[in-house]
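1. Give me coordinates for this.
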Amino acid sequence: MSVPNHFELLTSDGQARAGRLATPHGVVRTPAFMPVGTAGAMKGMHWREVRDAGADIVLGNTYHLMLRPGAERIAALGGLQHFTGWNGPMLTDSGGFQVMSLSELRKVREEAVTFRSHIDGAIVELSPERSIEVQRLLGSDIAMQMDECVRLPAEHGDIDRAMQLSLRWAERSKRAFETAPVGYMLFGIVQGGDVPELRRASAQGLVGIGFHGYAIGGLAVGEPQSVMLAMIEEAAPFLPQARPRYLMGVGTPDDILKAVARGVDMFDCVMPTRNGRHGMAFTRHGQINLRNARHADDPRPLDETSSWPSTCNTSRAYLHHLVRSGETLGAMLLSEINIAYYQQLMSEIREAILQGNFASFCERTRSDWEKGDIAAR
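-> Numbering: from 1, shown residues only. Model (predicted):
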């Protein structure tokens, strides 16, 4: 089956790329960061805030949604966009990573993976075909192939076995996706752990099968950043230039800059909202810990130059008070501040690539981070 291409590469600056990905629910400007709405909700934020912050696309989780409230129920209620009220593009992951990370009791077989639900203890079977069926019921614009993700560090033999199994599951995922309506997409996932030759073999195998886009998975699981970047460098040359590339589960702003410089187009991570719930803010000054007592009497905002209202108008003293008091509003404000910072960073990255000055943009951005926060009052 020929695989249509919905990605337009607008320009490159070195290996960094700016493009447009057309989906049934709208266009995604790349490089793009996808906020993570695991169970059909953005923790601490309303969807309108996510949209206002500049996000074109968000991520939903197959594992969580199939267990609760159930894919068939969501389909009967009009699909994930209608169910949640997010009217833009959505990507859903395959559920494979959550099976690995959340299920204490699981058994991986050629046919499927069997695991115990973390919600009610029920035994559930997830095959490549069922994963695609769930994602089609959810109605996501971009579905991911079923894969097996191993924890690092791992033995070479275990990584090889999982990579080969993921390739066979990729073929089955593609066959299961063949009846999807025109415009919807399926991405393959490069596996291979921290072994260069396995990463190359996985990338080549996936391209041979043919997908709308290609993800690099199995990273950001505790390995050093240098290993993550090295694996991107191994896989990227074998992935088609004309197709979007997605680095799964990444990451920090610095991770994003370095991955964009290596040709990555799409990212997702829970870090903005998770760190926000723990009193941490991402700003052009770097990360700021609002729990620190230095902020208790400081009437200044986190960044008066920011265009996001909560960043440029809310005092550090108030944010400190909310965080130290355990008020839900503190987590909400810092989550939106962080999502807004990530989206502003992506917007500036896209503009820098289009203007051909991405390298100098990275240098200025890192310089601001290294200077650190403004002096205490």
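2. List the buried residues in the longest helix belonging to the chain.
-> Secondary structure of the chain per DSSP state H: the longest helix is helix 328-355. Buried residues in helix 328-355, counted by 16 or more other CB atoms under 10 Å: 330-346, 349-350, 352-353. Where C-beta positions appear, they are placed from N, C-alpha and C, glycine not excepted.
3. The helix or strand just after that helix to helix 328-355, inter-axis angle?
-> As assigned by DSSP states H and E, the chain's next helix or strand after helix 328-355 is helix 358-371. Relative orientation of helix 358-371 versus helix 328-355 (axes from the mean of the first three to the mean of the last three CA atoms, to 10 degrees): 150 degrees.
4. Just give me how far helix 358-371 sits from the chain centre.
-> 23 Å (CA atoms, centre = their mean, to the nearest Å).
5. That helix packs against which elements?
-> Here helix 358-371 touches helix 253-260, strand 286-289, helix 328-355, going by 3 or more CB pairs under 8 Å, 6 or more residues apart in numbering; DSSP states H and E.
6. so can I have JSON lines of the ones you listed showing distance to Phe33 and mean pLDDT?
-> Formatted as JSON lines, the helices and strands packed on helix 358-371 follow (distance: least, CB to CB, whole Å; pLDDT from 0 to 100):
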{"stretch": "helix 253-260", "distance to Phe33": "7", "mean pLDDT": "98"}
{"stretch": "strand 286-289", "distance to Phe33": "16", "mean pLDDT": "98"}
{"stretch": "helix 328-355", "distance to Phe33": "5", "mean pLDDT": "98"}
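7. Need those in CSV (columns: distance to Pro237).
-> Shown next, in CSV, are the helices and strands packed on helix 358-371 (distance: least, CB to CB, whole Å):
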stretch, distance to Pro237
helix 253-260, 15
strand 286-289, 32
helix 328-355, 19
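8. between those, which one is nearest to Gly37?
-> The minimum distance between Gly37 and those falls on helix 328-355, with 11.0 Å, by CB to CB.
9. quick one: which of the helices and strands packed on helix 358-371 is nearest Gly85?
-> Comparing these by CB to CB, helix 328-355 comes nearest, at 16.7 Å.
10. can you list the weak-confidence ranges in this structure?
-> In the predicted model of the chain, residues 1, 102-104 satisfy pLDDT under 70.
11. residue nearest the centroid of it?
-> The centroid of the chain falls nearest to Asp268 when counting by CA atoms, centre = their mean (1.4 Å).
12. who's in contact with that one?
-> Asp268 sits next to 33-36, 59, 91, 246, 248-250 when contact means CB atoms under 8 Å, 6 or more residues apart in numbering.
13. Ser202 too?
-> Ser202 touches 163, 166-167, 190-192, 235, counting by CB under 8 Å, 6+ apart.
14. Doesn't it lie inside a helix?
-> Yes: Ser202: assigned to a helix according to DSSP: H, G, I helix; E, B strand; the rest coil.
15. and the gap between it and Glu111?
-> 21 Å (CB to CB, to the nearest Å).
16. Can you tell me the element the residue nearest to the centre of the chain falls in?
-> Residue-wise, Asp268 maps onto strand 266-269 under DSSP H and E.
17. Off-centre distance for that strand?
-> For strand 266-269, the distance to the chain centre is 3 Å (CA atoms, centre = their mean).
18. Identify each buried residue in the next helix or strand after that strand, please.
-> The element immediately downstream of strand 266-269 (helix or strand, assigned by DSSP H and E) is helix 271-277. By neighbour count, and taking 16+ other CB under 10 Å as the criterion, the buried residues in helix 271-277 are 271-277.
19. Could you save these as JSON lines and add columns showing distance to Gly372?
-> Shown next, in JSON lines, are those (distance: CB to CB, whole Å):
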{"residue": "Met271", "distance to Gly372": "19"}
{"residue": "Pro272", "distance to Gly372": "20"}
{"residue": "Thr273", "distance to Gly372": "23"}
{"residue": "Arg274", "distance to Gly372": "22"}
{"residue": "Asn275", "distance to Gly372": "17"}
{"residue": "Gly276", "distance to Gly372": "20"}
{"residue": "Arg277", "distance to Gly372": "23"}
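20. And these, which is closest to Val27?
-> Relative to Val27, and with distances defined as CB to CB, the nearest of these is Pro272, at 22.4 Å.
21. Now do the same contact list for the closest one.
-> By CB under 8 Å, 6+ apart, the contact set of Pro272 is 35, 282, 335, 338-339, 341-342.
22. Now for Ile142, how many residues are close by?
-> 28 (other CB atoms under 10 Å).
23. who's in contact with it?
-> Counted by CB under 8 Å, 6+ apart, Ile142 has contacts 23, 57, 89-92, 184-187, 212-213.
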